[in-house]
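A.B. asks: have a look at this prediction, sequence included:
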Amino acid sequence: MGPGVTREPRETLRVERTEQTPWTILHIQGELDLVSSPEVRRHVHDAVATGRRHVVLDLSGVVFCDSSGVGVLIASRRLLHSCRGRLRLILPARGAVEGSHVNRVLAALGVRRLFEVYEDVGAATDDETRPLSA
């Protein structure tokens, strides 16, 4: 960055894990980027290592996502599918300001259709609720 150009301070990534059998929910807040995406990957791998095969990534608190973040989402999907599990994402409803960045990034990269997306934890953990359309 040149003189006089400043970058806003990075928002620290926070991941909180909750269980709602059979689902493991990872509530993710902050920036999902090159620096933080390995932490999300570790949490998904830890869930699988402890026998959890159905994971919800709550991305409603993610304010920024780059290609590294998208890569960890795709790798998580692949891992869970390989062990006959399921991955669901929570992204805010259309028009919501907070968290909508992830949805725009997934759509722009043409990978949004790969994911089952829900509006909230209740919908994502209810097998009767259909995912939001891409």
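C.D. replies: That came through, no problem. Computed from a prediction, not measured in an experiment: that's the story for all the values here.
A.B. asks: all contacts plus neighbour counts: C-alpha atoms, from now on.
C.D. replies: Will do.
A.B. asks: give the buried residues for the longest helix along the chain.
C.D. replies: Scanning the chain for the helix with the most residues, using DSSP state H, yields helix 67-82. Going by neighbour count (16 or more other C-alpha atoms under 10 Å), the buried part of helix 67-82 is 68-70, 72-73, 76-77, 79-80.
A.B. asks: tell me what the residue nearest to T12 when sequence neighbours are not counted is bridged to.
C.D. replies: Of all residues not flanking T12 in the chain, G30 sits nearest, at 5.6 Å (C-alpha to C-alpha, 6 or more residues apart in numbering). Beta-bridge partners of G30, counted by DSSP bridges, are V62.
A.B. asks: as a check, name the ranges of all strands in this protein.
C.D. replies: 14-20, 23-32, 54-65, 86-90, 116-118 (DSSP state E).
A.B. asks: mind exporting the C-alpha coordinates of the longest helix of the chain to PDB?
C.D. replies: C-alpha atoms of helix 67-82 as PDB (Å, rounded to 0.1, in the frame of the first residue of the first chain):
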ATOM      1  CA  SER A  67     -11.100 -17.300  -2.800                       C
ATOM      2  CA  SER A  68      -9.400 -19.100   0.100                       C
ATOM      3  CA  GLY A  69     -12.600 -19.000   2.100                       C
ATOM      4  CA  VAL A  70     -14.500 -20.400  -0.900                       C
ATOM      5  CA  GLY A  71     -11.800 -23.000  -1.300                       C
ATOM      6  CA  VAL A  72     -12.400 -24.200   2.300                       C
ATOM      7  CA  LEU A  73     -16.100 -24.400   1.700                       C
ATOM      8  CA  ILE A  74     -15.600 -26.500  -1.400                       C
ATOM      9  CA  ALA A  75     -13.100 -28.700   0.400                       C
ATOM     10  CA  SER A  76     -15.500 -29.200   3.400                       C
ATOM     11  CA  ARG A  77     -18.300 -30.200   1.000                       C
ATOM     12  CA  ARG A  78     -16.000 -32.700  -0.700                       C
ATOM     13  CA  LEU A  79     -14.800 -34.100   2.700                       C
ATOM     14  CA  LEU A  80     -18.300 -34.600   4.000                       C
ATOM     15  CA  HIS A  81     -19.600 -36.100   0.800                       C
ATOM     16  CA  SER A  82     -16.700 -38.600   0.800                       C
END
